[in-house]
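> Would you be able to build a 3D model of this:
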Amino acid sequence: MNILNNKKPTITDVAKKAGVSIKTVSRVVNKEANVSDGTREKVQTAIDLLNYQPNISARQLAGNRSFSIGLLYENPHEFNYMKGVLDGVFDACTKDGYSLLLRPCHFPVTALLNEVTQFLQQTQVDGVILTAPLGDVPELLELLQLNNTPFAQISPSDESPRSTWVSSNDLGASEMLTDYIVSLGHRRIGFIKGPPNHSATNFRYQGYRNCLKQHGIAFEKTLVKSGSFDFESGQKAARKLLSLPAPPTAIIASNDDMASGVIQVAHELGMALPGQLSVAGFDDTPLASRLWPQLTTVKQPISEMASAVTGLLMNDIRDKSPNAQHRSFEFELVVRDSTLPPEAFLKE
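Below you'll find the predicted structure:
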């Protein structure tokens, strides 16, 4: 590229540099099939050398696509989780030359359907990504199917073989985390649930119940409180749990934001953490390592899952007659400073 004349390279320049036709360059730019690996590599090298940036309007006209994807989400309070999702989706969109459009959605279902219909009409996105709990709304899935809008789901409760989705094993993760807390010697273990319309809420709660049963620990309803996956609901639930005549020696919150609320309340009450109270969360968001004490939690690769589901959705869009694709991700227990045996404080 001649910097002095400041002329932007064109698709013709790329084709000439790579020794291929303009149509071949277009296929490579639009990630289409029927291009050999060797040819694709030659074209990509020419694009990199010339610093060629495709003309979005031209791509839209040539491919009858908007080259934009919509990310639909419902709970704005899940800031740390949504940041991970946004980072992953945006990274995948950038690599494939797509624009990303965000749309917060609201219940009841009637309002949700109206909002999504308006969004589709105004933006003409090529496809949408559904975060929980939107992927579990049958009416929304039907709307997208009737509109011929490709969609992909992050952690749906129904892992249908007919849909494209990515997920992690929330049930198994919760069983593993609860088992770890039990292994420390805790028997009075509080649990803070998330919103009832989230699949993760139900799976994580069931994992907690399963583990107690496996260890012969009696389930106590008073040790379970509901939250909204946000800091404030974690605080509210913690105050209820810690004011019980026989409070828990450990509290598991269904995400890191609520766990941070538990830690804040424990500090306000002057409790020694983790000596007098162990606390654990879910997701291993950046917040987990910034708390004091640092939070024991379950790591789920949120950004990687979001990036992967975006790639699967793009495949569906390019294929035009998509086949359902699925991918499951592993979880990992991350032990930090917020958990100890219940008698640790007495031994100090």
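> Break this protein into its domains for me.
Domains of the chain are assigned by automatic domain parsing as 11-63, 68-168+301-330, 170-300+334-347.
> would a markdown table of those domains with mean neighbour count and mean pLDDT be doable?
For glycine as for every other residue, the C-beta is placed from the backbone atoms N, C-alpha and C. A markdown table is the format used below for the domains of the chain (neighbours: other CB atoms under 10 Å; pLDDT from 0 to 100):
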| stretch | mean neighbour count | mean pLDDT |
| --- | --- | --- |
| domain 11-63 | 15 | 75 |
| domain 68-168+301-330 | 18 | 90 |
| domain 170-300+334-347 | 20 | 95 |
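> Show me the helices in the stretch 1-150 of the chain, by range?
11-18, 22-29, 37-50, 56-63, 79-96, 109-123, 138-146 (DSSP state H, counting those that start in this stretch).
> which one of those lies closest to Leu313?
Shortest distance between Leu313 and these, using CB to CB, is found for helix 79-96: 8.8 Å.
> Give me the contacts around that closest one.
Helix 79-96 is touched from outside by 31, 69, 71, 73, 75-76, 98-100, 102, 129, 131, 154, 229, 255-257, 283, 285-287, 302-311, 314, with contacts defined as CB atoms under 8 Å, 6 or more residues apart in numbering.
> Return the subset of the residues you listed lying in strands.
Among those, DSSP state E puts Ile69, Leu71, Tyr73, Ser99, Leu100, Leu102, Ile129, Ile154 in strands.
> The second one against Val128, yeah?
Yes - proximity of Leu71 to Val128 meets the contact threshold set by CB atoms under 8 Å, at 7.4 Å.
> follow-up on the earlier one: from the ones in strands among the contacts of helix 79-96, which is closest to Asn197?
Once CB to CB is applied, the member of the ones in strands among the contacts of helix 79-96 that ends up nearest Asn197 is Tyr73, at 13.3 Å.
> check contacts around the closest one.
Neighbouring residues of Tyr73 by CB under 8 Å, 6+ apart: Met82, Val85, Leu102, Arg103, Pro104, Cys105, Thr131, Leu134.
> ok, 7 Å please
Met82, Pro104, Cys105, Thr131 (CB atoms under 7 Å, 6 or more residues apart in numbering).
> want to throw these into a markdown table with distance to Gln294?
Output for those, formatted as a markdown table (distance: CB to CB, whole Å):
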| residue | distance to Gln294 |
| --- | --- |
| Met82 | 22 |
| Pro104 | 31 |
| Cys105 | 34 |
| Thr131 | 27 |
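> Would you check which pair of those residues lies furthest apart?
Farthest-apart pair in these is Met82 and Cys105; separation 12.7 Å (CB to CB).
> surely Ser278 meets Ala250?
Yes - between Ser278 and Ala250 there is a contact under CB atoms under 7 Å: 4.0 Å.
> Mutual contacts of those two, please.
Common neighbours of Ser278 and Ala250 (CB under 7 Å, 6+ apart) are Ile181, His186.
> do you know how far Val35 is from Asp283?
Val35 sits 39 Å away from Asp283, taking CB to CB, to the nearest Å as the criterion.
> same question, Val262
If you measure Val262 against Asp283 using CB to CB, the figure is 15 Å.
> Likewise for Pro150?
Pro150 is 27 Å from Asp283, by CB to CB.
> What does Thr296 show for phi and psi?
Main-chain torsions, Thr296, degrees, to the nearest 10: phi -70, psi 130.
> Break down the stretch 151-300 of the chain into its helices, ranges please.
Going by DSSP H, counting those that start in this stretch, the stretch 151-300 of the chain shows helices at 170-183, 199-214, 231-242, 256-268.
> what's the angle from the third one to helix 79-96?
Going back to what we said before, that points to helix 231-242. If you take axes from the mean of the first three to the mean of the last three CA atoms, to 10 degrees, helix 231-242 sits at 140 degrees to helix 79-96.
> Then the longest one?
With the same axes, to 10 degrees as the basis, helix 199-214 and helix 79-96 are set at 120 degrees to each other.
> List just the nearest of the contacts of Tyr73 to Ala238.
Using CB to CB, the contacts of Tyr73 come closest to Ala238 at Met82, 22.8 Å.
> Roughly how far does that closest one sit from Ala272?
Met82 is 33 Å from Ala272, where distance means CB to CB.
> likewise Gly19?
Counting by CB to CB, the separation of Gly19 from Ala272 is 71 Å.
> Same question for Val25.
As for Val25, its distance to Ala272 is 65 Å (criterion: CB to CB).
> what's the answer for Leu212, then?
From Leu212 to Ala272 the distance is 26 Å (CB to CB).
> With Leu340 instead?
10 Å.
> Give me the contacts around stretch 148-156.
Stretch 148-156 is contacted from outside by 85, 120, 127-132, 135-136, 144, 163-168, 199-200, 305-306, 309, 312-313, 316-317, 322, using CB under 7 Å, 6+ apart.
> Could you check how far that stretch is from the centre of its chain?
Relative to the centre of its chain, stretch 148-156 is centred 13 Å away, using CA atoms, centre = their mean, to the nearest Å.
> Thank you, goodbye.
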